[in-house]
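[1] just need the structure, nothing else, for what follows:
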Amino acid sequence: VNASQGDNKEELEEAQRRLDAVQAAFEAAAQRAKEAAAAVQEAKQREAEAHAAADLAKQREAESHAAKAELEAALAELKAQEDAYNNKTQELKQKSEEGGVV
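    Next up is the predicted model:
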């Protein structure tokens with residue numbers, strides 16, 4: 001039987017160094033895990049913000065299309081009024097030149 005006789009101080013010191021190294025590695029791993037969790041949370045927050053921005057952009061695009069349609073309708077109405085005015089002006093001009101009743 002090979003049993004150590006006497007002082008095993010060196011073995012205890014080596015075991016303590018290994019324990020310290022394992023504890024330091026564990027703490028570093030725990031810190032990295034914490035940082036990774038924070039990064040995931042930040043990424044989720046940014047994703048939510050991006051979705052909100054996309055939804056807002058879609059809403060504004062729809063509003064823009066509605067405003068464009070409204071402006072096009074107003075322009076068509078204005079063109080119709082202008083055409084009616086020009087036709088009436090032409091008709092009255094023609095009657096005045098031909099000697100008709102104004």
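[2] tell me the secondary structure for the spatially most central residue of the chain?
    Centroid-nearest residue in the chain, with Cα atoms, centre = their mean: residue 50, separated by 2.4 Å. Here residue 50 is helix, with the state taken from DSSP: H, G, I helix; E, B strand; the rest coil.
[3] one more: residue 7?
    Under three-state DSSP, residue 7 falls in the coil class.
[4] neighbours of it, how many?
    8 (other Cβ atoms under 10 Å). Placement of C-beta: from N, CA and C, glycine included.
[5] ditto for residue 21
    Residues near residue 21, counting by other Cβ under 10 Å: 10.
[6] okay, now residue 88: neighbour count?
    Residues near residue 88, counting by other Cβ under 10 Å, number 10.
[7] and it, how far from residue 80?
    13 Å (Cβ to Cβ, to the nearest Å).
[8] residue 19 now?
    Taking Cβ to Cβ, one finds residue 19 at 91 Å from residue 80.
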